[in-house]
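A.B. asks: When you get a sec, could you give me coordinates for this:
(2 chains)
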Amino acid sequence: MRFFLTSVIKIIPVLFIISFIVFFLVRLTGDPVSLMLPETATDQQREDLRNSMGLNDPVYIQYLNYMADVVRGNFGDSYKYNEPALEIVLERLPASFTLAISSMVVATLIAVPAGIYSAIKRNTFIDVVITGSSVLGKAMPNFWLGIMLILLFAVHISIFPVSGSGTIMHLVLPSITLGTAIAAEMTRLIRSSMLEVLGAEYIRTARSKGLLETVVVNKHALRNALIPVVTIMALQTATLIGGTLITETVFSWPGMGQLLVQAVNARDMAIVQAATFIIAILVILSNLMADLTYRYLDPRIKYDD
Amino acid sequence: MSEPLLEIEDLRVRFRSDEGVVSPVNGVSFQVHEGETVAVVGESGSGKSMTSLSILGLVPAPGEVYDGSIRLQGEDLTKMKRSQMRKLRGNEISMIFQEPMTSLNPVFTIGNQMIEVIRLHQKLDKTESIQQAVTMLDLVGIPEPERVLKQFPHQLSGGMRQRVMIAMALSCNPKLLIADEPTTALDVTIQAQILNLMKELKDELNTGVILITHDLGVVAEVADRVVVMYGGEVVEEATVDEIFNHPVHPYTKGLLASVPKMTGPVEELGAIKGSVPTPSEMPTGCKFHPRCPIATDLCKQVHPQLEETTPQHFKRCFHTEGGVKHDEHERSTIS
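C.D. replies: Here you go, the predicted structure:
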């Protein structure tokens, strides 16, 4: 519990830094007024809008005002939707979450057996096939795989819907698209981690006890092999979110990724700020989750000391 | 003598690789009787660990036992199916490894790892196997066994972990216990405790023990008989008294000369020149000849056979007892 609290406290300075970066990035992209007003607007109109938005204040005043708003959870209103940006972003969060989780499930279902199998069948034909496929899976861009899957399973063979959301069938193709990319990375990790663990002395001990090879591999080896995999996969959360941006756009999945891409195109800065902030928090939380899982998997790590 | 518990005859192990075939074990034969401790000694690379792994059928791939037999109470282990072999492992034959720090799985509790083997080989339910685990931990002198069962390996000291390993190895009352350098990684005081413990348990359970070691102090302490290995073969075999009082093979003499003595004047310790050749570059003739202080042309060309010099004392050497005196040899090996 103390570990959890100190971790949460450690998050605060990170959030400060993120808010700082987000603030300046948005201001580096140019004058928001020229984006918000039509080309025909007069200089007076532009000046009035700048004044009302506080853009004529010194930068540090602007930053303090912005921070005061951020602390209250106010990222400003989206000029496209005319609603508070944070609300719009949070509304989209469950859809992204569903996609991310189901992709992780797909990835795990592929990667765990494939990784284990290629490790125990090292340097055989099957290992070459699995390792080769994972290189291929890593090399295929998400958008390409997504479009190919739509072509094959939605257009030529109409099993799944082309895009959109609503039913579990809508979830299948996006999850496979995103899941295979993660599975590729995960398979290689599990394979190498497994190979290392299988040479360990406690594995020899387990065999000398007369255990079935499946017990040796799936109990004694896997639990140890997963420790580094969990850490590295948690660090991949950023990649996962990057993947949702593309996958959601390809499949018109109404998640935060799609929203963010649209907001960037429309220069809807309030939404970009809010979404960036939420994504940053998600990455931090997933790292925290990884630490907790790590502790569960490896009893040697004690955070409370 | 009664029927031996374990009889290894002309055991040969080979590894095939792209560079060719190497044989770390080349025609090893020896016996172990019930309640007897046989020490297998030799430097690293002499094939002692590979011999013990062969008994359990755990020679790591791509290695294989390709000739000879290992009979446990008359049954040839090398001919057994994998499933039969699994029933023996941890049950009739169990093994204690060198590194107590890494031989237990770090992510499971002691209880989990002990109960696993008990439940596998004995028809006991969960509470009975916990009881059995507690009894075993108690037997090896672990205080508060119930608490230790709930602990993870990293929470115990090296000596305690080795006790756990011994308790685990003995939990199904094996007929044969193979201990591969069980005390090498431990402090000297803990070493003595563990050796005494093994001795007591062996007498109590009448287990046959193969003790693999390069520590002659340990041998003197616990062994009944000694098998000296070099280059994948047995070079001398005798009772522990014979080995220490009348060693005949120059290699055994060299090993003995390299042990510091508690009595007598302090001299420079003896050393055997060079190191054990790898299996791929084994010399012809006597495998020890490049390092042997008394090697002759005959030794370089002809491979000596294991022969009985005095009853129950075997050696693989052309030289006779009177050929070179022990003291002379000792001096000549100082380098």
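
A.B. asks: Give me the pLDDT for the closest residue in space to residue B:192 that isn't next to it in sequence.
C.D. replies: Distances taken as Cβ to Cβ, 6 or more residues apart in numbering or on different chains put residue B:221 closest to residue B:192, at 8.0 Å, once the chain neighbours are dropped. Using the backbone N, CA and C atoms, a C-beta is placed for each residue, glycine as well. What the model reports as pLDDT for residue B:221 is 83.

A.B. asks: now residue B:14, what's its secondary structure?
C.D. replies: strand (DSSP: H, G, I helix; E, B strand; the rest coil).

A.B. asks: now it: how far from chain A?
C.D. replies: 19 Å (Cβ to the nearest Cβ, to the nearest Å).

A.B. asks: how about the helices in the stretch 1-150 of chain B?
C.D. replies: Taking DSSP state H, counting those that start in this stretch, the helices of the stretch 1-150 of chain B run over residues B:48-56, B:82-88, B:100-103, B:110-121, B:126-139, B:145-149.

A.B. asks: Pipe these into a markdown table and attach mean pLDDT and mean neighbour count per row.
C.D. replies: Formatted as a markdown table, the helices of the stretch 1-150 of chain B follow (pLDDT from 0 to 100; neighbours: other Cβ atoms under 10 Å in any protein chain shown):
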| stretch | mean pLDDT | mean neighbour count |
| --- | --- | --- |
| helix B:48-56 | 88 | 24 |
| helix B:82-88 | 87 | 15 |
| helix B:100-103 | 84 | 22 |
| helix B:110-121 | 90 | 22 |
| helix B:126-139 | 89 | 18 |
| helix B:145-149 | 91 | 18 |
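
A.B. asks: So what touches the lowest-mean-pLDDT helix or strand in chain A?
C.D. replies: The least trusted helix or strand in chain A, going by mean pLDDT, DSSP states H and E, turns out to be helix A:32-36, with a mean of 72. With contact meaning Cβ atoms under 8 Å, 6 or more residues apart in numbering or on different chains, helix A:32-36 is reached by A:26, A:46, A:49, A:50, A:53, A:55, A:79, A:267, A:269.

A.B. asks: What helices and strands are in contact with the helix or strand just after it?
C.D. replies: Helices and strands here follow DSSP states H and E; after helix A:32-36, the next one along the chain is helix A:43-53. Helix A:43-53 sits against helix A:32-36, with contacts defined as 3 or more Cβ pairs under 8 Å, 6 or more residues apart in numbering or on different chains; DSSP states H and E.

A.B. asks: Tell me which residues of the helix or strand hosting residue A:91 come out buried.
C.D. replies: Element membership for residue A:91 (DSSP H and E) is helix A:85-120. Across helix A:85-120, burial judged by 16 or more other Cβ atoms under 10 Å in any protein chain shown covers A:85-86, A:88-89, A:92, A:95-96, A:98-100, A:102-104, A:106-108, A:110-112, A:114-120.

A.B. asks: filter these down to the ones near chain B?
C.D. replies: Among the buried residues of helix A:85-120, no residue sits close to chain B (Cβ under 8 Å from any Cβ of the partner chain).

A.B. asks: so who does the residue nearest the centre of chain A touch?
C.D. replies: Geometric centre of chain A, nearest residue: residue A:241, 2.6 Å, by Cα atoms, centre = their mean. Going by Cβ under 8 Å, 6+ apart, residue A:241 touches A:100, A:257, A:279, A:282, A:283.

A.B. asks: at 7 Å instead, please
C.D. replies: Listed by Cβ atoms under 7 Å, 6 or more residues apart in numbering or on different chains, the contact set of residue A:241 reads A:279, A:282.

A.B. asks: ok, now how distant is it from chain B?
C.D. replies: From residue A:241 across to chain B, the span is 30 Å (Cβ to the nearest Cβ).

A.B. asks: what's the answer for residue A:91, then?
C.D. replies: Counting by Cβ to the nearest Cβ, the gap from residue A:91 to chain B is 41 Å.

A.B. asks: Now do the same for residue 96: its pLDDT.
C.D. replies: Unless you meant another one, I'm taking chain A. pLDDT for residue A:96: 90.

A.B. asks: my bad, the chain I had in mind was chain B
C.D. replies: 88.

A.B. asks: re the thing from before, check which helix or strand covers the residue nearest to the centre of chain A.
C.D. replies: For residue A:241, the element it lies in under DSSP H and E is helix A:237-250.

A.B. asks: What average pLDDT does that helix get?
C.D. replies: pLDDT averaged over helix A:237-250 gives 85.

A.B. asks: tell me the angle it makes with helix A:85-120.
C.D. replies: 110 degrees (axes from the mean of the first three to the mean of the last three Cα atoms, to 10 degrees).

A.B. asks: buried ones in helix A:237-250?
C.D. replies: A:237, A:240, A:241, A:243, A:244, A:245, A:246, A:247, A:248, A:249, A:250.

A.B. asks: mind exporting it as CSV, just the C-alpha atoms?
C.D. replies: Provided in CSV are the C-alpha atoms of helix A:237-250 (Å, rounded to 0.1, in the frame of the first residue of the first chain):
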residue,chain,number,x,y,z
THR,A,237,1.6,0.9,-24.0
ALA,A,238,2.6,4.0,-25.9
THR,A,239,3.0,1.9,-29.0
LEU,A,240,-0.4,0.4,-28.3
ILE,A,241,-2.0,3.8,-28.1
GLY,A,242,-0.2,4.8,-31.3
GLY,A,243,-1.6,1.7,-32.9
THR,A,244,-5.1,2.6,-31.8
LEU,A,245,-4.8,6.0,-33.5
ILE,A,246,-4.2,4.3,-36.8
THR,A,247,-6.5,1.3,-36.3
GLU,A,248,-9.4,3.4,-35.1
THR,A,249,-9.1,5.7,-38.1
VAL,A,250,-9.0,2.7,-40.5
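
A.B. asks: next one: that helix to chain centre, how far?
C.D. replies: Distance of helix A:237-250 from the chain centroid (Cα atoms, centre = their mean, to the nearest Å) equals 7 Å.

A.B. asks: who wins for most neighbours among the contacts of helix A:32-36?
C.D. replies: Ranked by neighbour count (other Cβ atoms under 10 Å in any protein chain shown), the contacts of helix A:32-36 have residue A:269 at the top, with 24 neighbours.
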